[in-house]
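1. coords below, sequence missing:
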C-alpha cells in the first residue's frame, strides 16, 4: 500500500443543484472578452522531450556511442549492467532533447495561444530579426540610432498585431456563445465551448479520491480521502480478486479449475530445459520487436519510452548490442531487474458512485524494456510451438 500510486479525483456526488447552477453562471460570466482560454503544453514526468528525441536521433546515437566508448574502451559489453545502460540512455536523451528549452513555455504569446495567427508569427520573427541586428550593431560599436528605431517599429507592429488578433478571436468567441445560448438543443456544445480544456484539466488536476470505509468498532461506513487508507482499501479489495478463494456468488467450474491447476503443477515438475549455449538474444530480434512498439505509451519507473528505444533501433549500435547482452544474461541467470517487476497502478473511474472502490478499474504502467524482453520470449515460444505443432 505504501508504494501504491494513483490519480486522485474529486467527488462530485455531494454537489448540490444550486451550487452547480452558480458555477455555470460564474463560467458564463467568465466567458466574456476578458477571459483567456490558453492552451498550454501538457507537463511530462520524463526528463526529456519524447517527440523531440526522434528528430535528434542521429545526435543521440553519436553521443551514446561516445559515452560507451569512454566507459568501455575495450568494448566489453558483458560488464554492461541494467543500471549503467539505463543511466546512459537517460543522460543522453536529456542532453539531446531536454524537456524545457530556455523556459519558452513561460513566455506569453507562444504558439499554443488560441488567438495566434500566421501574421502574428511573421511580426514576431521581424521583431526578433530587429533585436538581433541591434545587438550586432552594439557589439561592433557602431551608431545604434537607426537600429533602435527599426527595433521599436517592429516591436510596436508586433504588439499591435497581437492586440488585433486577440480582439478578433474573443469577439468571434462571444458571438458563437451567444448563438449557442439561444438554442436549447446546443446546450452541450455551449458548455463544451465555455469550458474548453478546463473541464479536462479539472478532472486531471483534481486532488482527492474519497472511498467508503468500514470502522473496526462498528458496522458504520464513513468516507475518507486519506491517501494511505485509500491505497490500503484498493490493495486489499483487488488482492482478494486474484486469490485462490472464489467469491461467494461465483459461477466458476471448480473441477475444470482444479484440472488446469494440476496440469500446471505437472509442468513445474519437469526438469529445466537448458538450451544451446549459442542461443542468445540477438540484435535483430530486439530491433524487430522495437519497430512494432506503439509510440506514446506510458513508461514505467525507468522512464525509458518507446520513442527513445526507436531512436536507437539500428544494426550494430552499441546500446542495442549491450541490451542484447543484458537480455541474454537475464536468460542465463534467471534474474531480471527489479524495475521490470514493479508496476505503477492507477485507478481510473468508470461510472456510478465515486466513493465505491468497485467503480474503478486499475491500469498498470510497467517498464517498456521489460515488455520488450517479454515480447521476444513470446515470439520464440510461438515459433517453437508452431514448428512442433
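-> Good, I have the coordinates. Since the model is a prediction, treat every value here as computed from it, not as a measurement.
2. for the helix or strand hosting residue 154, buried residues please.
-> Remark: residue 154 resides in helix 145-181, with elements defined by DSSP states H and E. Of the residues in helix 145-181, 147, 150-151, 154, 158, 161-162, 165-166, 169-170, 173, 177, 180 count as buried by neighbour count, 16 or more other Cβ atoms under 10 Å. C-beta here means a position set from N, CA and C on the backbone, and glycine is covered the same way.
3. could you dump the residues you listed to JSON lines with distance to residue 261?
-> Converted to JSON lines, the buried residues of helix 145-181 look like this (distance: Cβ to Cβ, whole Å):
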{"residue": "147", "distance to residue 261": "83"}
{"residue": "150", "distance to residue 261": "82"}
{"residue": "151", "distance to residue 261": "79"}
{"residue": "154", "distance to residue 261": "77"}
{"residue": "158", "distance to residue 261": "73"}
{"residue": "161", "distance to residue 261": "73"}
{"residue": "162", "distance to residue 261": "69"}
{"residue": "165", "distance to residue 261": "68"}
{"residue": "166", "distance to residue 261": "68"}
{"residue": "169", "distance to residue 261": "65"}
{"residue": "170", "distance to residue 261": "66"}
{"residue": "173", "distance to residue 261": "63"}
{"residue": "177", "distance to residue 261": "62"}
{"residue": "180", "distance to residue 261": "60"}
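4. what residues sit buried inside stretch 320-335?
-> For stretch 320-335, by 16+ other Cβ under 10 Å, it's 320, 321, 322, 323, 324, 325, 326, 327, 329, 330, 331.
5. hey, where'd the helices end up in this structure?
-> Remark: helices assigned in the chain by DSSP state H are 17-30, 50-55, 57-71, 82-96, 118-140, 145-181, 187-195, 198-205, 227-241, 254-268, 283-290, 306-310, 318-333, 368-387.
6. I'd like the buried residues of helix 145-181 laid out as TSV, including distance to residue 272 and pLDDT.
-> Formatted as TSV, those follow (distance: Cβ to Cβ, whole Å; pLDDT from 0 to 100):
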residue	distance to residue 272	pLDDT
147	78	90
150	78	93
151	75	93
154	74	93
158	71	92
161	73	91
162	70	89
165	70	90
166	70	88
169	68	87
170	70	86
173	68	83
177	69	84
180	68	85
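7. returning to what we had before: closest to residue 369 among the buried residues of stretch 320-335?
-> residue 323 (7.7 Å; Cβ to Cβ).
8. report pLDDT for the closest residue to residue 375 other than its chain neighbours.
-> Once flanking residues are discounted, residue 375 sits nearest to residue 289: 4.7 Å by Cβ to Cβ, 6 or more residues apart in numbering. With respect to pLDDT, residue 289 has a value of 93.
9. ok, now which ones touch residue 289?
-> 372, 375, 376, 379 (Cβ atoms under 8 Å, 6 or more residues apart in numbering).
10. report pLDDT for the second one.
-> The predicted local confidence for residue 375 comes out at a pLDDT of 94.
11. ditto for the last one
-> As predicted, residue 379 sits at a pLDDT of 90.
12. tell me who's in contact with it.
-> Residues in contact with residue 379 (Cβ under 8 Å, 6+ apart) are 285, 289.
13. what do you get if the cut-off is 6 Å, keeping everything else the same?
-> Counting by Cβ atoms under 6 Å, 6 or more residues apart in numbering, residue 379 touches no other residue.
14. go on, the third one?
-> Taking Cβ under 6 Å, 6+ apart as the definition of contact, the neighbours of residue 376 are 285, 289.
15. next one: it from residue 387, what distance?
-> To residue 387, residue 376 is 17 Å away according to Cβ to Cβ, to the nearest Å.
16. hmm, back to that, which of the buried residues of helix 145-181 sits closest to residue 117?
-> Closest to residue 117, out of all of those and judged by Cβ to Cβ, is residue 165, at 4.9 Å.
17. and that closest one, how far is that from residue 152?
-> Taking Cβ to Cβ, one finds residue 165 at 21 Å from residue 152.
18. and if you look at residue 295?
-> For residue 295 relative to residue 152 (Cβ to Cβ), the value is 45 Å.
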